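Engineer: I'll drop the sequence and a predicted model, then ask my questions.
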There are 2 protein chains.
Amino acid sequence: MRDVHRAISGWLALLGVTAEIDAAGNLRALYEAGGSAAPRLLIGSHLDTVPNAGAYDGILGVLLAIALIKGLAGRRLPYAIEIVGFSEEEGVRFGVPFIGSRALTGRLDAKLLDKRDARGFSVRDAIVEFGLNPHEVAEAHVSNDTFGYVEFHIEQGPVLDTLELPLAVVDAIAGQSRMEVTFIGRANHAGTTPMNLRFDAMAGAAEWIAAVEREAKGTSGLVATVGSVHTQPGATNVVAREARLSLDVRHRDDGVRKQAVQNLTQRAEKIAAMRGLSVSSVAHLDQAAVTMDPVLSDHIEQAIRKSGIKAHRMVSGAGHDAMVLAEKVPAGMIFLRTPGGISHDPAESVAVEDVEKAIECGLNLLDQLSASPSVETRTRRV
Amino acid sequence: MRDVHRAISGWLALLGVTAEIDAAGNLRALYEAGGSAAPRLLIGSHLDTVPNAGAYDGILGVLLAIALIKGLAGRRLPYAIEIVGFSEEEGVRFGVPFIGSRALTGRLDAKLLDKRDARGFSVRDAIVEFGLNPHEVAEAHVSNDTFGYVEFHIEQGPVLDTLELPLAVVDAIAGQSRMEVTFIGRANHAGTTPMNLRFDAMAGAAEWIAAVEREAKGTSGLVATVGSVHTQPGATNVVAREARLSLDVRHRDDGVRKQAVQNLTQRAEKIAAMRGLSVSSVAHLDQAAVTMDPVLSDHIEQAIRKSGIKAHRMVSGAGHDAMVLAEKVPAGMIFLRTPGGISHDPAESVAVEDVEKAIECGLNLLDQLSASPSVETRTRRV
């Protein structure tokens, strides 16, 4: 993280911009406005990534912010631009995502600062060890004069690649339900137990996995996944007593998502009843959908069209810093096509042409916001 | 094993019978015939069991042999009875079952003697450590004058309990196929990958598990089980790249079993093709079915009926020492009802009344064999 801060600070210095590191380890750099008492627009993404990752998830959004400053070629706007490079979005070390961006919305509280990693070091310890002061976290809060947050990010999915489009407006981030569903039957000998005398937890689970897929395919925009299956005792010659499954359900509309979860829970109970099994479920996450700011999304759509691209609107199935920022600031997101949808993998890539289009679109957006009267009026929301 | 040998030898001594331990660790004890040059009948089962087992699997068959000698009350038959308590049927230590009974059919060869346990000790080492001589294993071979082998064993399944019958004739031991079937798709983000752009290995696997159950339910006498499922990467928020499944298929007719395996393999390929997945399978076991001796089975059926019980005939879905002996000697088996089908578990049980019926049936059988001319003629088969 020190190395990336050093590299980015160097590139910004060449543009006459000074970078600082806030108490939550976020890189912050202000490109001043043309006039005094001007509002500011935040542009950025996160600088951390996952183990065995690719080169673009997160950091491309910070580099695009720098590229936009460079693209302005010294030209000043009626608002300042604050570049942000968030410190800890993925949640790898502490199991909690969005630590950096939470600091900007006042959500990096004492409880989160006390959260410990696998070796027993707290977030607070990590901040001190990095040479920062955890007592100054409150000062990392987003400035009162901020009128918006814009984030460029790779899609990390196959939609734009399939549509053959370089960019998209993200107008919502899907809500998520995560559950563990466990079917319980009886562990019987696979050789001595006739089919009609079995209580096979895995056979029931398989029927339900098919129902999960059917539910998602039959509901527009819904994704539902059983990614993890564990059988007990898990032997070739023993009918499974237990099948423990993960369920991940996402949709932009929380009502649709909750209805799907309810349908699937009822379906599991019906399957269990038909087969003489029992079933139980534990909810691990119920995260509401977040809508991006409609005015900012319209501006982004227009900016994409001005770059000569069809402006596709889509939902992000993954969480992003923009979701956290949206609580305090009008937030907007732009996705870049991810070839093959491959991400969190060294094979993650992005096309140079798509990055060029993103810069063009970003500069269009900056001009639109200069001209738009909404810049002034929306500042009050903060 | 030493303790069980000591206990059984003591009980046999009370009946005037001397027990010896052969070079494969089997307990052997001869109850002499009434006349000289008489043939012999083997009666027994195994003395070992699995960890966390019940009290009846195996050893009940040896105790029933002793009970029959006791029931004869000193009366001599026109044939000798050799009681056998096999040493190593379950295969827990060396991963190979039937080590004791294989010694009686000449199948405990040098390769098997060299087989090592988890700590690196070979079967040969274990024999030496037990105080026996591995060079004498050939002498454990079944005697040339043996005309049959009879084994009582708990069913270890729910069939007799469901039929409310204490005993059954086992007229065949099912053949077995064991395989590992692996579906491979693509690990995609569970949030960012729409349903129609997925290659979900677990969804394909679930469809196939349902097909396995359908195939078995639709084929008389067939059992087919997917007892173990592993997903990769196995995360809640990642579409499974890989689903690795076990398959266990059993039937008394090898042709029916092989056809079922072929049908299921083709079905897996069709499912994979429809979903853009790949599938591969590895065969781990292809063990032929073994038919019990028809004349001995008829005798057993008659003996059960004489005890006033409906003589149900059934297939054993599990392997038994009788399956190994059948290669060299006419072999027959009698199952005792297993309440709830519960076995390989401390809750394994057997009803006292059922054991009484087994003794009555066994004594009927001994009388029938005394009167039957087949005793003499069948000896030549050995």
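Structural biologist: Looks like it came in fine.
Engineer: in chain A, where is pLDDT below threshold?
Structural biologist: Residue ranges of chain A with pLDDT under 70: A:373-382.
Engineer: all helices for it, in order.
Structural biologist: A:2-14, A:59-72, A:99-104, A:110-113, A:123-129, A:159-163, A:201-217, A:254-275, A:294-306, A:321-325, A:352-371, A:374-378 (DSSP state H).
Engineer: for the shortest one, buried residues please.
Structural biologist: Burial within helix A:110-113, assessed by neighbour count using 16 or more other CB atoms under 10 Å in any protein chain shown, is assigned to A:112, A:113. Every residue, glycine included, has its C-beta placed from N, CA and C.
Engineer: how about residues contacting it?
Structural biologist: Residues from elsewhere that reach helix A:110-113 (CB atoms under 8 Å, 6 or more residues apart in numbering or on different chains): A:96, A:99, A:102, A:122, A:123, A:124, A:127, A:134, A:137.
Engineer: now do the longest one
Structural biologist: Contacts made with helix A:254-275 from outside it, assessed by CB under 8 Å, 6+ apart, are listed as A:174-177, A:179, A:181, A:183, A:185, A:199-200, A:203-204, A:207-208, A:211-212, A:215-216, A:219, A:221-222, A:224, A:247, A:249-251, A:277-279, A:281, A:288-289.
Engineer: buried residues in that helix?
Structural biologist: Neighbour-count burial for helix A:254-275 flags A:254, A:256-257, A:260-261, A:264-265, A:267-269, A:271-272, A:275 (criterion: 16+ other CB under 10 Å).
Engineer: between helix A:201-217 and it, find me the angle.
Structural biologist: Here the directions of helix A:254-275 and helix A:201-217 differ by 150 degrees (axes from the mean of the first three to the mean of the last three CA atoms, to 10 degrees).
Engineer: from chain B, how far out is the spatially most central residue of chain A?
Structural biologist: Taking CA atoms, centre = their mean, the centroid of chain A lies closest to residue A:319, which sits 2.1 Å from it. As judged by CB to the nearest CB, to the nearest Å, residue A:319 and chain B stand 8 Å apart.
Engineer: which residues of the stretch 251-382 of chain A lie near chain B?
Structural biologist: Contacts of the stretch 251-382 of chain A with chain B, taken as CB under 8 Å from any CB of the partner chain, map to A:284, A:316, A:317, A:318, A:319, A:341, A:343, A:344.
Engineer: how near is the nearest residue in space to residue A:107 that is not next to it in sequence to chain B?
Structural biologist: Leaving aside its chain neighbours, residue A:107 sits nearest to residue A:324 (7.1 Å; criterion: CB to CB, 6 or more residues apart in numbering or on different chains). Per CB to the nearest CB, residue A:324 is found 16 Å from chain B.
Engineer: report how many residues lie close to residue A:324.
Structural biologist: 26 (other CB atoms under 10 Å in any protein chain shown).
Engineer: that one touches residue A:106, doesn't it?
Structural biologist: No - using CB atoms under 8 Å, residue A:324 is not in contact with residue A:106, being 10.7 Å away.
Engineer: does residue A:20 touch residue A:29 like I think?
Structural biologist: Yes - shown here, residue A:20 and residue A:29 form a contact pair, counting by CB under 8 Å, at 7.1 Å.
Engineer: tell me how far the residue nearest to residue A:293 when sequence neighbours are not counted lies from chain B.
Structural biologist: Spatially, and ignoring its direct neighbours in sequence, residue A:293 is nearest to residue A:330 (3.5 Å; CB to CB, 6+ apart). Distance, residue A:330 to chain B, by CB to the nearest CB: 23 Å.
Engineer: so residue A:330 sits right up against residue A:150, yeah?
Structural biologist: No - using CB under 8 Å, residue A:330 is not in contact with residue A:150; the gap is 9.5 Å.
Engineer: tell me which of the two has more neighbours.
Structural biologist: Neighbours per residue (other CB under 10 Å) separate residue A:330 from residue A:150, with residue A:150 holding more: 32 against 23.
Engineer: if I look at the more buried one, how far off is chain B?
Structural biologist: 20 Å.
Engineer: swap in residue A:231?
Structural biologist: Taken as CB to the nearest CB, the span from residue A:231 to chain B is 5 Å.
Engineer: and if you look at residue A:37?
Structural biologist: 41 Å.
Engineer: can you pull the residues of the stretch 51-200 of chain A lying near chain B?
Structural biologist: So the stretch 51-200 of chain A meets chain B at A:155-159, A:162, A:174, A:176, A:178, A:188-197, A:200 (CB under 8 Å from any CB).
Engineer: if we go to 6 Å?
Structural biologist: A:156, A:157, A:158, A:178, A:189, A:190, A:191, A:192, A:193, A:195, A:197 (CB under 6 Å from any CB of the partner chain).
Engineer: how about those residues in CSV, adding neighbour count?
Structural biologist: Converted to CSV, those look like this (neighbours: other CB atoms under 10 Å in any protein chain shown):
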residue, neighbour count
A:156, 25
A:157, 27
A:158, 23
A:178, 19
A:189, 23
A:190, 28
A:191, 23
A:192, 26
A:193, 24
A:195, 20
A:197, 16
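Engineer: and these, which two are the farthest apart?
Structural biologist: Pairwise distances across those (CB to CB) peak at 48.8 Å, for the pair A:156 and A:192.
Engineer: list the contacts for the residue in chain A sticking out farthest from the centre?
Structural biologist: In chain A, the residue that sits farthest from the middle, by CA atoms, centre = their mean, is residue A:192; the gap is 49.9 Å. By CB atoms under 6 Å, 6 or more residues apart in numbering or on different chains, the residues touching residue A:192 are B:156, B:157, B:317, B:318.
Engineer: OK, contacts around the residue nearest to it when sequence neighbours are not counted?
Structural biologist: Once flanking residues are discounted, residue A:192 sits nearest to residue B:157: 2.9 Å by CB to CB, 6+ apart. Each residue near residue B:157 by CB under 6 Å, 6+ apart is listed here: A:189, A:192, A:193, B:341.
Engineer: do you know how far the first one is from residue A:304?
Structural biologist: Read it as residue A:189. Going from residue A:189 to residue A:304 by CB to CB, to the nearest Å gives 62 Å.
Engineer: how many neighbours does residue A:109 have?
Structural biologist: 12.
Engineer: what subset of the contacts of helix A:254-275 is buried?
Structural biologist: A:174-177, A:179, A:181, A:183, A:185, A:199-200, A:203-204, A:207-208, A:211-212, A:215-216, A:219, A:221-222, A:224, A:247, A:249-251, A:277, A:279, A:281, A:289.
Engineer: so which of those are in strands?
Structural biologist: Using DSSP state E, A:175-177, A:179, A:181, A:183, A:224, A:247, A:249-251, A:279, A:281 are the members of the buried ones among the contacts of helix A:254-275 that sit in strands.
Engineer: which of those sit farthest apart?
Structural biologist: Spanning the widest gap among those are A:175 and A:183, at 25.9 Å by CB to CB.
Engineer: residue A:335: what's it in contact with?
Structural biologist: Counted by CB under 6 Å, 6+ apart, residue A:335 has contacts A:155, A:168, A:170.
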